[in-house]
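> below is the structure, and that's it, no one-letter string:
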């Protein structure tokens, strides 16, 4: 068993070292886990009473001027041997509470990973969007140049010129907005990782998990199950506190007494057992309160499961929308490829201008980039689902 624990610990450490989370955040997570384990050990042994050691020395003089001195050393112990199941529930509650808290740290770690990989995907996506919008801006410049030339020779009116100008300005604005979003994403990512060179972070291949896997391995729902055990054990523990318990009491000491008329020294000890049961007017309401707390946790778990079912369905529906956009982009790629080849022949023959060919070439690249952008959008949705769940090594 010890060998298995060591192997498991080494695998967890190896896994932790590969995470792209900053060393400071890794250390905080590790310290939290260690604190939880220490607290669990303390809570599991909380039913064991401590030994009380006392040392005393007393000197006195009475009204007749008789002097005396008493030296006393004593060890006392009062220990519950039986609590109508309360000892077992205390240990069970401590273990389940630690498991729930450790899952809380796992959720925190998964949140960091979700943020890191989402930001990485957004950065790569928005770099493509910037390239796409630069091409759009080039097309708007071409349109404006052509319409301006037509306006000067009287083959285009002012409204067309104004619209072309507005389109070009909108394209410039969109480029600035995307550039600003990209800078913000880079700054946010640098807060979460050690390496200033964020290009060194590799976006892993994220699988699409099934609905059943999402719900069965969801970290929040697994944590709720542990919380159920915690609250249920607390309820049973509360109930056992009002049932009979058996307590052992014992003490052992040494007494050294000396006075003007007499003196003695020697060992002193006592031991015994007490069977007790409290009679409290609040027993019923106190136990019922603990039971209701347990039922609330169960209801909260069911409610959260319904929310997560909707969350999964929403994200898969969004992924479906992105796939439709990819299909549209692929149709546009085929259309622009055909038009580009046709226009290139027309340009070579002198029937079309180079501006027409450049504009179509830009439009073709825009749709090719659109396909990649939508694939990144799908990846972002998959990242959110994947890191909501528990995986091997985590």
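Arrived safely. These numbers were taken from a predicted model, which means no experiment stands behind them.
> phi, psi of the nearest residue to residue 390 once chain neighbours are set aside?
Closest residue to residue 390 apart from its sequence neighbours, by Cβ to Cβ, 6 or more residues apart in numbering: residue 217 at 4.9 Å. From N, CA and C alone the C-beta is placed, and that goes for glycine too. Torsion angles at residue 217 (phi, psi; degrees, to the nearest 10) stand at phi -110, psi 10.
> all further residue positions should be reported with the first residue as 203.
OK, 203 is where the count begins now, so the last one is residue 419.
> burial measure for residue 419, as a count.
14 (other Cβ atoms under 10 Å).
> that one reaches residue 587, doesn't it?
No - Residue 419 is beyond contact range of residue 587, at 10.6 Å (criterion: Cβ atoms under 8 Å).
> shared neighbours of the two, anything?
Taking Cβ atoms under 8 Å, 6 or more residues apart in numbering as the criterion, residue 419 and residue 587 both touch residue 411.
> residue ranges for the helices of this protein, please.
Applying DSSP state H to the chain gives helices spanning 204-220, 225-246, 288-355, 360-394, 413-418, 421-442, 485-551, 556-588.
> could you dump those helices to a markdown table with distance to residue 479, mean neighbour count and mean pLDDT?
Listed next are those as a markdown table, based on distance: least, Cβ to Cβ, whole Å; neighbours: other Cβ atoms under 10 Å; pLDDT from 0 to 100:
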| stretch | distance to residue 479 | mean neighbour count | mean pLDDT |
| --- | --- | --- | --- |
| helix 204-220 | 41 | 10 | 40 |
| helix 225-246 | 25 | 14 | 91 |
| helix 288-355 | 12 | 19 | 93 |
| helix 360-394 | 56 | 15 | 95 |
| helix 413-418 | 44 | 14 | 95 |
| helix 421-442 | 11 | 20 | 91 |
| helix 485-551 | 10 | 14 | 94 |
| helix 556-588 | 52 | 19 | 96 |
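> residue 407 is nearest to which of the ones you listed?
Among the helices of the chain, helix 556-588 comes nearest to residue 407, with 9.2 Å by Cβ to Cβ.
> measure residue 433 to residue 469 for me?
Per Cβ to Cβ, to the nearest Å, residue 433 is found 48 Å from residue 469.
> with residue 435 instead?
To residue 469, residue 435 is 42 Å away according to Cβ to Cβ.
> can you tell me the closest non-neighbouring residue to residue 574?
Distances taken as Cβ to Cβ, 6+ apart put residue 330 closest to residue 574, at 5.5 Å, once the chain neighbours are dropped.
> my guess is that neighbour contacts residue 578. True?
Yes - at 7.3 Å, residue 330 counts as touching residue 578 under the criterion of Cβ under 8 Å.
> any chance of the helices of the chain in a markdown table, with distance to residue 449 too?
Converted to a markdown table, the helices of the chain look like this (distance: least, Cβ to Cβ, whole Å):
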| stretch | distance to residue 449 |
| --- | --- |
| helix 204-220 | 35 |
| helix 225-246 | 20 |
| helix 288-355 | 12 |
| helix 360-394 | 53 |
| helix 413-418 | 45 |
| helix 421-442 | 14 |
| helix 485-551 | 19 |
| helix 556-588 | 53 |
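> out of these, flag the one nearest residue 273.
Closest to residue 273 of these is helix 225-246 (Cβ to Cβ; 34.8 Å).
> and the angle for the closest one with helix 288-355?
Helix 225-246 and helix 288-355 are oriented at 160 degrees to each other (axes from the mean of the first three to the mean of the last three Cα atoms, to 10 degrees).
> contacts for helix 225-246 next, please.
218, 221, 223, 292-293, 295-297, 299-300, 303-304, 307, 310-311, 314, 394, 396.
> swap in stretch 475-490?
Around stretch 475-490, the neighbours that count as contacts under Cβ under 8 Å, 6+ apart are 283, 437, 440-441, 443-451.
> mind checking which of those are buried?
Using 16 or more other Cβ atoms under 10 Å as the burial test, these include 437, 440, 441, 443, 444, 447, 449 as buried.
> nearest residue to the second one in space, please, no chain neighbours.
In this case it means residue 440. Nearest residue to residue 440, sequence neighbours excluded (Cβ to Cβ, 6+ apart): residue 492, at 4.1 Å.
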